[in-house]
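1. Pasted the sequence and its predicted model underneath.
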Amino acid sequence: MRWLSPILLAVVGLIHLLPVTGALGAPQLQRLYGVSVGDPNLLVLMQHRAVLFAIVGGLLLAAAFKPAWRTLAIAVGVLSVGSFLLIAWSVGGYGAPIRKIVWIDAVALGMLVVAALPEIRLMKTGAPTKTAEATASGALPMDPAVDEVGAEVPTVRFDARDPERATGDARVR
């Protein structure tokens with residue numbers, strides 16, 4: 001099941017990247033949201049919104065490959081879709097294009113919740129994976145790419161109070 005969270009994060013990241021075309025101008029925003037953006041002030045805000053979505057999407061995609069970033073990315077993603085859903089629910093009366101986004105974001109929120117479950121488990125129980133175990137125990141994996149797939153790798157443990165007491169498969173001099 002180690003593959004589930006990265007896949008979900010990548011999918012939600014791609015969902016967040018879809019509106020990035022809105023940064024190109026009013027015609028793209030019209031296609032995305034079905035609203036006319038004639039006011040230059042609103043255009044600036046909507047284009048900036050598209051760039052912010054790209055940042056969130058990029059973080060979510062990166063977290064699919066960087067386990068250390070997952071908790072932050074999930075939190076940012078939940079805040080992003082959760083706030084949109086809350087605003088849409090509180091305002092109401094929106095049209096079909098926004099309704100479609102509401103449904104997509106509701107699915108994305110569910111995916112983020114599922115992706116968060118291993119992270120919650122990690123916080124409660126310690127480290128379920130070799131990399132997380134090594135990080136939590138103070139050991140540094142010498143080959144993190146190999147460690148991610150579960151292979152045994154040599155590690156070195158450091159005691160911050162006594163650097164001379166390195167333990168494990170290798171000693172650092």
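-> Everything's here; your move. Numbering: from 1, shown residues only.

2. Which neighbouring elements make contact with the longest helix seen in the chain?
-> The longest helix of the chain (DSSP state H) is helix 96-125. Applying 3 or more Cβ pairs under 8 Å, 6 or more residues apart in numbering; DSSP states H and E, one finds that helix 96-125 contacts helix 4-17, helix 26-33, helix 70-91. Yep, even glycine has a C-beta here, placed from its N, CA and C like the rest.

3. and the host helix or strand of residue 43, how far from the chain's centre?
-> Using DSSP states H and E, residue 43 maps to helix 40-65. On the basis of Cα atoms, centre = their mean, to the nearest Å, helix 40-65 sits 13 Å off its chain's mean C-alpha point.

4. From residue 106, how far out is residue 47?
-> 25 Å (Cβ to Cβ, to the nearest Å).

5. So if I had to pick from those two, which one is more boxed in?
-> residue 47 (18 against 14; other Cβ atoms under 10 Å).

6. Where does the prediction get shaky in the protein?
-> 1, 126-173 (pLDDT under 70).

7. Could you chop it up by domain?
-> 4-125, 130-168 (automatic domain parsing).

8. which of these is buried the deepest?
-> Neighbour counts (mean count of other Cβ atoms under 10 Å) averaged over each of the domains of the chain peak at domain 4-125, with a mean of 16.

9. hmm, who's touching stretch 84-92?
-> 94, 98, 101, 102, 105, 106, 109 (Cβ atoms under 8 Å, 6 or more residues apart in numbering).

10. try 6 Å
-> Stretch 84-92 is contacted by residues 102, 105 when judged by Cβ atoms under 6 Å, 6 or more residues apart in numbering.

11. re the thing from before, now the helix holding residue 43 and helix 96-125, what's the angle there?
-> With axes from the mean of the first three to the mean of the last three Cα atoms, to 10 degrees applied, the angle from helix 40-65 to helix 96-125 works out at 40 degrees.

12. what angle separates helix 40-65 from helix 70-91?
-> 140 degrees.

13. just checking, what packs against helix 40-65?
-> Contact here means 3 or more Cβ pairs under 6 Å, 6 or more residues apart in numbering; DSSP states H and E; on that basis helix 40-65 packs against helix 4-17, helix 70-91.

14. can you redo these as CSV with distance to residue 23?
-> What follows is the helices and strands packed on helix 40-65, written out as CSV (distance: least, Cβ to Cβ, whole Å):
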stretch, distance to residue 23
helix 4-17, 11
helix 70-91, 16
